[in-house]
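Provided below are the primary sequence and the corresponding predicted coordinates.
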Amino acid sequence: METTKRAREEVRWEDMLFLLLISGAALLTRFYLFPIESNDYQQFLQNWFATLKENGGLAAIGMNIGDYMPPYFYILALLTYLPFNDLYLIKLVSCAADFVLAYYVMRAVSLRYPGRPQGFMAYAVVLFLPSVVLNSAAWAQCDAMYTAALLACLYYLLVNRPNRAVLAFSIAFVLKLQAIFFAPFLLLLVLKRKIKLRSLVLIPAVYILSIIPAAIMGRSLWDLLTVYVSQSKLYTSLCMSIPNLYAFLGNVASEPLGDAGVIFAGGAVLMLLYALYRKEYTITPDILVTIGLLFAILMPFILPHMHERYYFLADIVSVVFAFYFPKKLYAAVIMCVSSACATANYLFGLVYYPQQLLAVAILINLVLLMKHLWELLSQNPIQRRVEAAV
């Protein structure tokens, strides 16, 4: 507590000025991209917004408009009351999430460097990552929303606030299904008794609370409870422009291969969880950040039906990881370059890289990350027993 207080006292006016200027520059950068209309906006978001507006805004949240969870439609419904361009409004909300995301990255990095400028630099890096800028300001996607909640989850784990961490994960889960990339991470911490099992009741509780307004307004309760089940059946392609394990099969649509791939991913995660559970070690902030990044990369790498933007979480956690381990900067470089290439490929049709080569680079990244994690876990194998005995 004293360290945190002392670190806050050491924040200088230059630091605040830097944050203000870098935030302004980041917002201005995004503003110039606002006129871009992505395919996702033209095919989905524009129609969703128009439907909500034509049917009374919040009065229309009970309609089955799209394949997202209701909280996103609540946000869109509120935006319909504002007399501004719908494209700009949608992007502005996503951009606001960029700043929340950068804030939690700053908080996480500042824990490692109290009173020093690394946290502010991490904030700036996140705001100017190509995948972050393009996702919200050009693509009109909302990946920063669920990712901001997951970074809050990571931050609260680092400061030993497990209930807040689970609550943050629950919020991420009702925003996007991709929050499950962190699910094995939380499960491991439950097994290691860093998170109490009863805390997990927050996940279904937040889910139920998030769908109640839509249910009251007339939407089928069954549809609301099975949004993610329906969503998971929408796409049949094994790989959608993402450099992962299935990039080597090309643009193949195969239901048997897809089902087998999901089981394979489950088996791989189970083996990793078993190994991490059985090994004796003290859970430190370094280990938390490393395991968080490992699952953020591993899940979209081994799961089928992944989209090109599903390394978004890995990009952000890799920035935190790079600040915690400056000698491992390559991990962040590989992830962020790979994501930027996949994003540019989708948005602008720039096929200027071999997708399989990037997949190999990410695989090597995973192997090196596992090696690094195992070295961390082996540094103090008996400390946990000593602490338990005390």
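The structure has been received and is ready for your questions. Numbering: from 1, shown residues only.

which stretches of the stretch 201-350 of the chain have low pLDDT?
Counting by pLDDT under 70, the stretch 201-350 of the chain contains no low-confidence segment.

ranges for the strands of it?
Counting by DSSP state E, counting those that start in this stretch, one finds strands in the stretch 201-350 of the chain at the ranges 239-240, 306-307.

hey, which of these is tucked in deepest?
When you average the neighbours per residue for each of these (mean count of other C-beta atoms under 10 Å), strand 306-307 leads with a mean of 22. (Glycine included, C-beta is placed from N, CA and C.)

residue 334: neighbouring residues, count only.
In terms of burial, residue 334 registers 21 neighbours under the definition other C-beta atoms under 10 Å.

does it touch residue 362 like I think?
Yes: under the criterion of C-beta atoms under 8 Å, residue 334 makes contact with residue 362 at 6.4 Å.

and the contacts of stretch 275-294?
By C-beta atoms under 8 Å, 6 or more residues apart in numbering, the list of residues contacting stretch 275-294 from outside reads 108, 111-112, 154, 157-158, 182, 185, 188-189, 191-192, 194, 272, 314, 317-318, 320-321, 324-325, 331, 366, 369-370, 372-373, 376-385, 387.

just to revisit the earlier point, out of the strands of the stretch 201-350 of the chain, which gets nearest to residue 71?
Evaluated with C-beta to C-beta, these place strand 306-307 nearest to residue 71, the distance being 19.9 Å.

how far out from the middle of the chain is that closest one?
How far strand 306-307 lies from its chain's middle: 13 Å, per C-alpha atoms, centre = their mean, to the nearest Å.

residues in contact with it: which ones?
Residues beyond strand 306-307 that count as contacts (C-beta under 8 Å, 6+ apart) turn out to be 235, 239-242, 244, 246, 300.

give me the sheet partners of that strand and which way each runs.
With DSSP bridges as the test, strand 306-307 is paired with strand 239-240 (parallel).

how far off centre is the partner strand?
A distance of 18 Å separates the C-alpha centroid of strand 239-240 from that of its chain, computed with C-alpha atoms, centre = their mean.

same question for stretch 331-351.
Stretch 331-351 has its average C-alpha position 16 Å from the chain's average C-alpha position, going by C-alpha atoms, centre = their mean.

go on, stretch 145-155?
Per C-alpha atoms, centre = their mean, the displacement of stretch 145-155 from the mean C-alpha position of its chain is 7 Å.

equivalent analysis for stretch 30-47, please.
For stretch 30-47 - counting by C-alpha atoms, centre = their mean - the centre lies 21 Å from the chain centre.
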